[in-house]
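Undergrad: Sequence first, predicted coordinates after that:
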Amino acid sequence: MHRFPYRVEGNPGIARPTVDVKLECGTGEWTTRALIDTGSPLTVFDYGTAEALGVRIGNTGHRAGMVALLGADRPVQFEYVDLTLLNAGGHSWVADVAFIKQMDFQMPFQGILGQQGFLDRHVVTFHYYAGYLDVINIAEH
């Protein structure tokens, strides 16, 4: 089990369940903060993250799709990505990640760790009142 603090994020500053995660795809590597979101069916990262990893956005990837995000359907490109949860003993896994194809679309976070790609591999217990969350890698149990 790994414990992470809720962190004050955004405007207005609200305590949110975010973690630092490293992504690796091909020869690219990028570290960013991502929101753990139980309401998101997928793990999603923004266009800038794809660009930082060297992922070519377009008609590449192993499949394309649409994601309902912030009130609209957004086009995405799926890529297999190695993710590492930082400050968790080097725990890594491979996930099918959706990258937003819209360069001008601003997400509140660079990434969202959702049901597929994160919550299907981890048990997360939220303790908002106490200001922390516990993350358990189900492969360890």
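TA: Right, received. Where do you want to start? Numbering: from 1, shown residues only.
Undergrad: Give the pairing partners of the helix or strand that contains Val21; include direction for each.
TA: For Val21, the host element (DSSP states H and E) is strand 18-25. Each strand that pairs with strand 18-25, with its direction, by DSSP bridges: strand 28-36 (antiparallel), strand 72-85 (antiparallel).
Undergrad: and the last one, average pLDDT?
TA: Yep, that's strand 72-85 we're talking about. For strand 72-85, mean pLDDT rounds to 94.
Undergrad: Give the buried residues for the helix or strand following that strand.
TA: Later in the chain than strand 72-85, the nearest helix or strand by DSSP H and E is strand 92-100. Buried residues in strand 92-100, counted by 16 or more other CB atoms under 10 Å: 93, 95, 97-100. C-beta here means a position set from N, CA and C on the backbone, and glycine is covered the same way.
Undergrad: Could I get the CA-only coordinates of stretch 102-113 as CSV?
TA: Extracted in CSV, the C-alpha atoms of stretch 102-113 (Å, rounded to 0.1, in the frame of the first residue of the first chain):
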residue,chain,number,x,y,z
GLN,A,102,-7.1,18.4,-30.2
MET,A,103,-4.1,20.6,-29.7
ASP,A,104,-6.1,23.6,-28.5
PHE,A,105,-8.2,21.7,-25.9
GLN,A,106,-7.1,22.4,-22.3
MET,A,107,-7.8,19.7,-19.7
PRO,A,108,-7.7,20.7,-16.0
PHE,A,109,-4.9,18.1,-15.6
GLN,A,110,-2.5,16.7,-18.1
GLY,A,111,-3.8,13.3,-17.3
ILE,A,112,-6.7,11.4,-15.8
LEU,A,113,-6.2,7.9,-14.4
